[in-house]
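Engineer: pasted the sequence and its predicted model underneath.
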Amino acid sequence: MHELSIAISILDLATEEARKNEAFTITQVDIEIGTLAGVETEALLFAWESARSGTPAQNAPLLIHTVQAEAVCLECGKAFPLEHFFAQCPGCGGFRYDVRKGRELRIKSLLVE
């Protein structure tokens, strides 16, 4: 379950940023996860509940914003939503494309006190 290590990393980054800004409590953490990032959101939320205990974020919810994957076909130039890595271009049926978004996993914002 690599979601626990992801939750711990998010918590470490959030705590470091809170300290830099002389904040003592993290009240909310917003993250973005791409649909192709390979992260199970339910498992991450479960891991977050355990990881945040006894930390400055112990009452902070983890809000997940999903980023739909998108690609641009290298054959015809059509942009299209990407459901999985082996999808065909709906314009020309090709398999050569550039993934433009959907693999991200980043902290979008923190609320601190």
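Structural biologist: On my side now, so go ahead. Numbering: from 1, shown residues only.
Engineer: in this structure, which residue sits furthest out from the middle?
Structural biologist: In the chain, the residue that sits farthest from the middle, by C-alpha atoms, centre = their mean, is residue 92; the gap is 30.6 Å.
Engineer: give me the secondary structure label for that residue.
Structural biologist: Under DSSP: H, G, I helix; E, B strand; the rest coil, residue 92 falls in the coil class.
Engineer: next one: phi and psi at it?
Structural biologist: With angles defined as degrees, to the nearest 10, residue 92 sits at phi -120, psi -10.
Engineer: so the closest residue to it other than its chain neighbours, which of the three states?
Structural biologist: Distances taken as C-beta to C-beta, 6 or more residues apart in numbering place residue 76 nearest to residue 92, at 4.2 Å, with adjacent residues excluded. For every residue, glycine as well, the C-beta is placed using N, CA and C. Classification of residue 76 by three-state DSSP places it in coil.
Engineer: ok, longest helix in this protein?
Structural biologist: helix 2-20 (DSSP state H).
Engineer: contacts for that helix next, please.
Structural biologist: Residues from elsewhere that reach helix 2-20, judged by C-beta atoms under 8 Å, 6 or more residues apart in numbering: 24-26, 29, 31, 39-40, 43-44, 46-48, 50-52, 55-57, 60, 62, 105, 107, 110, 112.
Engineer: direction included, what does the helix or strand following it pair against?
Structural biologist: Scanning forward in sequence from helix 2-20 by DSSP states H and E, the next helix or strand is strand 26-34. In the sheet, strand 26-34 lines up against strand 62-67 (parallel), strand 105-112 (antiparallel) (DSSP bridges).
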